[in-house]
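# For reference, the sequence and a predicted model appear below.
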Amino acid sequence: MDRGEIYLAPFTYADLHGSKRRPVCVVSAATFNAGPDVIVAMVTSSAGRLAAPGIGDVVLADWRPSGLLRASVVRTGRLLVLETRLLSAQLGTLTAADLSAVDQGLKGILGLP
């Protein structure tokens, strides 16, 4: 698994009362992904997020080539560690420009320069 790949995976609700199968974006490095786990960011097509992105939200410019069905946002502030076996159905991969924007979103939420 490589950074920027989009998969379907169960994503736990923030209140831990259930989960939803949704697109996720791999944000961890390939060296980390070689183990049993992977770090992913939530992907949403919520109209509210598209219209008014929050801190760390990255509106994807090239969502179609990434294998997504709708205009989407990568929520870099909503990260989850999953076992790689839980990821299914690779949808596609972010373009270099969108992955760079996701990197900037991650830096922003982590307070990195």
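Alright, I've got the coordinates.

# for the chain, what spans make up the strands?
5-12, 19-26, 37-44, 57-59, 73-83, 88-93 (DSSP state E).

# Check which residues of the third one are buried.
Of the residues in strand 37-44, those with enough neighbours to count as buried (16 or more other C-beta atoms under 10 Å) are Val38, Ile39, Val40, Ala41, Met42, Val43, Thr44. C-beta coordinates here come from the backbone N, C-alpha and C atoms, glycine included.

# Show the contacting residues for the fourth one.
Which is Ala41. By C-beta atoms under 8 Å, 6 or more residues apart in numbering, the contact list for Ala41 reads Val24, Cys25, Val27, Val74, Arg75, Thr76, Arg78, Leu79, Leu80, Val102, Leu106.

# so it bridges to which residues?
Cys25, Leu79 (DSSP bridges).

# how close does it sit to Asp103?
11 Å (C-beta to C-beta, to the nearest Å).

# now do the same end-to-end measure for stretch 16-32.
Criterion C-alpha to C-alpha, to the nearest Å; first-to-last residue distance in stretch 16-32 is 25 Å.

# avg pLDDT for stretch 105-113?
Stretch 105-113 carries an average pLDDT of 94.

# ok so, going back, I'd like the strands of the chain as JSON lines, with mean pLDDT appended.
Shown next, in JSON lines, are the strands of the chain (pLDDT from 0 to 100):
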{"stretch": "strand 5-12", "mean pLDDT": "93"}
{"stretch": "strand 19-26", "mean pLDDT": "93"}
{"stretch": "strand 37-44", "mean pLDDT": "96"}
{"stretch": "strand 57-59", "mean pLDDT": "97"}
{"stretch": "strand 73-83", "mean pLDDT": "96"}
{"stretch": "strand 88-93", "mean pLDDT": "95"}
